[in-house]
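J.: I need the structure of the sequence given here:
(chains A and B, ligands or ions: 2)
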Amino acid sequence: MIEVNNIHKSFGDAHILKGISTTFEHGKTNLIIGQSGSGKTVFLKCLLGLFSPEEGSIVYDGKIYSSLTEDEKRDLRQEMGMVFQGSALFDSMTVEGNVKFPLEMFTKQSQSEMDDRVNTILKRVNLVDAHNKFPAEISGGMQKRVAIARAIVMNPKYLFCDEPNSGLDPKTAILIDDLIKEITEEFNITTVINTHDMNSVMQIGEKILFLKDGLKEWEGTKNEIFKTDNEAVTNFVYSSDLFKKVRQMYIEERN
Amino acid sequence: MAGKVGSYITSSIGTMRVTEQIDALEVMGVNSLNYLVFPKIIAMLFYPFAIAISMYVGIFGGWLAGVFGGFLTSTDFVTGLQTDFIPFHIAYAFIKTLIFAFIIATIPSFHGYYMKGGALEVGKASTTSFVWTSVVIIILNYLLTQLLLG
Ligand SMILES: Nc1ncnc2c1ncn2[C@@H]1O[C@H](COP(=O)(O)OP(=O)(O)O)[C@@H](O)[C@H]1O
Ligand SMILES: [Mg+2]
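T.: Ligands and ions are numbered 1, 2, ... in the order given. Modelled structure (predicted):
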């Protein structure tokens, strides 16, 4: 579980996060939604420890990040996996090399133990015959799978995904969303996903946090999001025609 | 070297920055600055070996052209080489290359590592890093020559 207490983050004069508090439970897919530029990535990078908030605290299963020693922070980081928006695969390494990298850096496993682990994980993300390909040689959807594989190879307690299905076709996007949800449940991970895609909200949203201009505008479940009267949320949700129709049906049903 | 090696270093590290590969390293708990820059400094410290080879090849080429072009005899060439030979010039050459190698590894790394933006900025960072590397080398070349030979 991750508890976020009133975090603020600025870059120079630009106040990006203006006091956000929430909790993310384990075994659940927690979604952060909001328009581009609303601060989703900055928020996620705060959760990852890549940015340190000027104010407020983030607590990971009882561990307050800002009061950990450097060694403890490094240990905690090794319990985190991250899927970056553009996958961020190491392009000088093969698919296998990318997934093996964290094992080589941080474990003392033998070569065959590492190979076993890499094979298991790549099979888990449904990638079986791309071991020796380079990131530039595989499709965007496959790159995402490799990124997910690399993020979970160390058995993380926390998984963060920044717009995991942006730039993918709708069908692949759904597959990636489902994969993340399955993995979250299977390994009981605390998963936090940034997205601006309403399809993902419908597909995998358990807890949803709506950010607007660096503030938590709304928080709830995917059933609640269609019933809320919060204008910013409904504007966001019903920016798509399909969801406008769903909303219309809901209102007609109610009356 | 500043053009070829330097811009390669800036663009490869810069690309890693803009595609968040450096963030990926940091998230895993890898000290990305060490991981990316240190090996390049070590590799560049082998630069004097390349210089040693180029000195050898240069002299050998001179000998080939001189002797087989019929300009002078082999003995004359060797005498010429040894006359007024100052051994310190060899040390001077190696000191300079070692320092230049360090510059060629670090300045481009700095420009790549701390760059911001996208693919376009990677190109700009390479150019800026080339200009800075060249300027620093020219200035240092002058200073080192004054210091060592003055
Ligand atoms: N490293 C940074 N330095 C300065 N400003 C930043 C930085 N990262 C993000 N920002 C600014 O923070 C705001 C929110 O960005 P971001 O979190 O990326 O939005 P999104 O919700 O689209 O992910 C933007 O205005 C962006 O310009
Ligand atoms: Mg973003």
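J.: Can you list the low-confidence ranges for chain A?
T.: Applying pLDDT under 70 to chain A flags the ranges A:240.
J.: gap between the closest residue to ligand 1 within chain B and chain A?
T.: Residue nearest to ligand 1 within chain B (CB to the nearest ligand atom): B:Lys116, separated by 7.4 Å. In short, each C-beta sits where N, CA and C put it, glycine included. B:Lys116 sits 11 Å away from chain A, taking CB to the nearest CB, to the nearest Å as the criterion.
J.: residues making contact with the host helix or strand of A:Val201?
T.: Assigned by DSSP states H and E, A:Val201 belongs to helix A:198-204. Contact partners of helix A:198-204, identified using CB atoms under 8 Å, 6 or more residues apart in numbering or on different chains, comprise A:29, A:31, A:33, A:165, A:170, A:173-174, A:177-178, A:180-181, A:193, A:195, A:208, A:222, A:225, A:237, A:239-240, A:243.
J.: ok, back up a step: need the contact list for the residue of chain B closest to ligand 1.
T.: B:Lys116 neighbours (CB under 8 Å, 6+ apart): B:Arg17.
J.: same deal with B:Ser7?
T.: B:108, B:126-127, B:129-130.
J.: The helix or strand containing it near ligand 1 at all?
T.: For B:Ser7, the host element (DSSP H and E) is helix B:7-18. No: shown here: helix B:7-18 not in contact with ligand 1 (CB under 6 Å from any ligand atom), separated by at least 11.3 Å.
J.: Can I get that helix in PDB? Just the C-alpha atoms.
T.: The C-alpha trace of helix B:7-18 is given here as PDB (Å, rounded to 0.1, in the frame of the first residue of the first chain):
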ATOM      1  CA  SER B   7      29.400  13.700 -30.900                       C
ATOM      2  CA  TYR B   8      28.900  10.000 -30.600                       C
ATOM      3  CA  ILE B   9      29.100  10.200 -26.800                       C
ATOM      4  CA  THR B  10      26.700  13.200 -26.600                       C
ATOM      5  CA  SER B  11      24.100  11.800 -29.000                       C
ATOM      6  CA  SER B  12      24.100   8.300 -27.400                       C
ATOM      7  CA  ILE B  13      23.800   9.600 -23.800                       C
ATOM      8  CA  GLY B  14      21.400  12.300 -25.000                       C
ATOM      9  CA  THR B  15      19.100   9.800 -26.700                       C
ATOM     10  CA  MET B  16      19.100   7.800 -23.500                       C
ATOM     11  CA  ARG B  17      18.000  10.900 -21.600                       C
ATOM     12  CA  VAL B  18      15.200  11.900 -24.000                       C
END
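J.: Report back the residue of chain A that's furthest from centre.
T.: Using CA atoms, centre = their mean, the residue of chain A lying farthest from its centre is A:Asn255. It sits 37.7 Å away.
J.: which helices and strands does the least confident helix or strand in chain B by mean pLDDT pack with?
T.: When each helix and strand of chain B is scored by mean pLDDT, DSSP states H and E, helix B:74-82 comes last, with a mean of 90. Helix B:74-82 is packed against helix B:47-68, with contacts defined by 3 or more CB pairs under 8 Å, 6 or more residues apart in numbering or on different chains; DSSP states H and E.
J.: Report the buried residues of the helix it packs on.
T.: B:47-48, B:51, B:66 (16 or more other CB atoms under 10 Å in any protein chain shown).
J.: which of the residues you listed lies closest to chain A?
T.: Closest approach between these and chain A, by CB to the nearest CB: B:Tyr47, at 22.1 Å.
J.: Is it correct that the closest one is in contact with B:Ile99?
T.: No: counting by CB atoms under 8 Å, B:Ile99 is not a contact partner of B:Tyr47; they are 10.0 Å apart.
J.: ok so, going back, arrange the contacts of B:Ser7 in CSV, one row each, with pLDDT as further columns.
T.: As requested, those are exported to CSV (pLDDT from 0 to 100):
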residue, pLDDT
B:Pro108, 96
B:Ser126, 95
B:Thr127, 95
B:Ser129, 96
B:Phe130, 95
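J.: For the closest residue in space to B:Tyr8 that isn't next to it in sequence, give its distance to chain A.
T.: Residue nearest to B:Tyr8 in three dimensions, not counting chain neighbours: B:Pro108, with 8.0 Å by CB to CB, 6 or more residues apart in numbering or on different chains. Distance of B:Pro108 to chain A, computed by CB to the nearest CB: 17 Å.
J.: and B:Pro108, how many residues sit next to it?
T.: If you count neighbours by other CB atoms under 10 Å in any protein chain shown, B:Pro108 ends up with 30.
J.: ok, which stretches of chain A are strands?
T.: A:2-11, A:14-24, A:29-33, A:55-60, A:63-64, A:80-83, A:158-162, A:190-195, A:207-212, A:215-220 (DSSP state E).
J.: Quick check: can you name the pairing partners of the shortest one and their directions?
T.: Looking at strand A:63-64 with DSSP bridges, its partner strands are strand A:55-60 (antiparallel).
J.: now do the second one
T.: Sheet pairing here is set by DSSP bridges, and for strand A:14-24 it gives strand A:2-11 (antiparallel).
J.: do the last one as well
T.: Strand pairing for strand A:215-220, using DSSP bridges, gives strand A:207-212 (antiparallel).
J.: Residues contacting the strand it pairs with, please?
T.: Here strand A:207-212 has contacts from A:20, A:22, A:24-25, A:28-35, A:38-40, A:43, A:201, A:216-222, A:225, A:230, A:232-233, A:236, using CB under 8 Å, 6+ apart.
J.: near ligand 1 too, which of those?
T.: Checked against ligand 1 using CB under 6 Å from any ligand atom, the contacts of strand A:207-212 give the following subset in range: A:34, A:38-40.
J.: And these, which two are furthest apart?
T.: Farthest-apart pair in these is A:Gly34 and A:Gly39; separation 7.3 Å (CB to CB).
J.: Return the closest of the buried residues of helix B:47-68 with respect to B:Thr83.
T.: For those, the nearest to B:Thr83 is B:Gly66 (14.7 Å; CB to CB).
J.: Do I have it right that the closest one meets B:Val78?
T.: No: B:Gly66 is not in contact with B:Val78 according to CB under 8 Å; the separation is 10.4 Å.
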